[in-house]
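> Return atomic coordinates for the entry below.
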Amino acid sequence: MKNILIPTILEADTVGAVKTAAKHASGQNCAVVLMLLCDVPDTYSAGYLLQKITPGYTAAQSAVLNKCKEIIKNTPNCVLQVHIQHGISAPLLKGLIEHKGIGLTILTTSYKQEQQKIHRYCTALLLNSKCPLLHLGQNCTGQLLSKAMYLEQEKTTVGLQEVQDMINDRFSFTIVSRAMLASEQDPEDLAPMLAEAIFKNDIDVLVETRKPEKVKLNRKSHSVVNEALGMPVLSLYEGVL
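Numbering: from 1, shown residues only. Next comes the predicted model:
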């Protein structure tokens, strides 16, 4: 079992992300890494630098962190790591993922909506990383994911079997349905059709693939289907399938 990264600003939905991570670990050895980003001040004053890069938690953030610790404390073979990251770049993120042995990154709604530049940039880097991304819905309660629908893009070079093989290697759920999306179609327009198939097949997670793109701060930081349906969406990088 590889470890799980959760970039966070310690909003309430971080608790749901940690519950999801604990379910995904399924009792196997796993570290859940909460990553808190800090800007590096442009100063040579050691005192000022120390003051700015030392994280201070609000009462609400402390309560969220304590809940996360309690969840992992009661999860066999699972440990919680709080990683304070000072500044972020593509090489730093790649090195962190490799050093921590990350096999899955969980993105919460609150983190993707955070407007501070460093968090927007981190989200853009994650979208362009090779690591699988799990976009959580608004009301994630940490449920076990078991049945998936594959949203296959019309021009994708990745076949259903390749996607299923990767899921079998890393996750505990199975693709039981799929929907073909034409390149000119907006997934949001397909929400009613998808909702019917999701209900009929008891789907609890959607699977999509993503291609490498130039990192941009204004790039959409979410899965459109994830936002439209409020469901978890696993996004897989096509370059590693």
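
> Which helix in this structure has the most residues?
For the chain, the longest helix by residue count, based on DSSP state H, is helix 59-73.

> ok, Gly27 - contacts?
Neighbouring residues of Gly27 by Cβ atoms under 8 Å, 6 or more residues apart in numbering: 75-77. For the C-beta atoms, the positions are set from N, CA and C on the backbone; glycine is no exception.

> what ranges do the helices span in this protein?
Using DSSP H, helices in the chain cover 13-25, 46-53, 59-73, 90-100, 109-113, 117-127, 160-170, 191-201, 224-229.

> Which one of these lies nearest to Leu36?
With Cβ to Cβ, the closest approach to Leu36 among these belongs to helix 59-73: 9.4 Å.

> tell me which residues of that closest one are tucked away?
Within helix 59-73, the residues scored as buried using 16 or more other Cβ atoms under 10 Å are 61, 64-65, 68, 71-72.

> quick one: average confidence on it?
Average pLDDT, helix 59-73: 97.

> Okay, angle between that helix and helix 13-25 too, please.
Orientation of helix 59-73 against helix 13-25 (axes from the mean of the first three to the mean of the last three Cα atoms, to 10 degrees) gives an angle of 10 degrees.

> what's helix 59-73 packed up against?
Here helix 59-73 touches helix 13-25, strand 30-38, strand 78-86, going by 3 or more Cβ pairs under 8 Å, 6 or more residues apart in numbering; DSSP states H and E.

> Now do the same for the residue most central in space within the chain: its pLDDT.
Taking Cα atoms, centre = their mean as the criterion, Ile106 is the residue nearest the geometric centre of the chain, at 2.3 Å. Ile106 carries a pLDDT value of 97.

> what do you get for Val215?
66.

> quick one: contacts for the closest residue to Ile198 other than its chain neighbours?
Distances taken as Cβ to Cβ, 6 or more residues apart in numbering place Met149 nearest to Ile198, at 6.5 Å, with adjacent residues excluded. By Cβ under 8 Å, 6+ apart, the residues touching Met149 are 175-179, 194, 197-198, 201, 203, 205-207.

> And for Tyr57?
By Cβ under 8 Å, 6+ apart, the neighbours of Tyr57 are 10, 65.

> again with Arg178
149-152, 160 are the contacts of Arg178 under Cβ under 8 Å, 6+ apart.

> give me that answer again for 6 Å
150, 152 (Cβ atoms under 6 Å, 6 or more residues apart in numbering).
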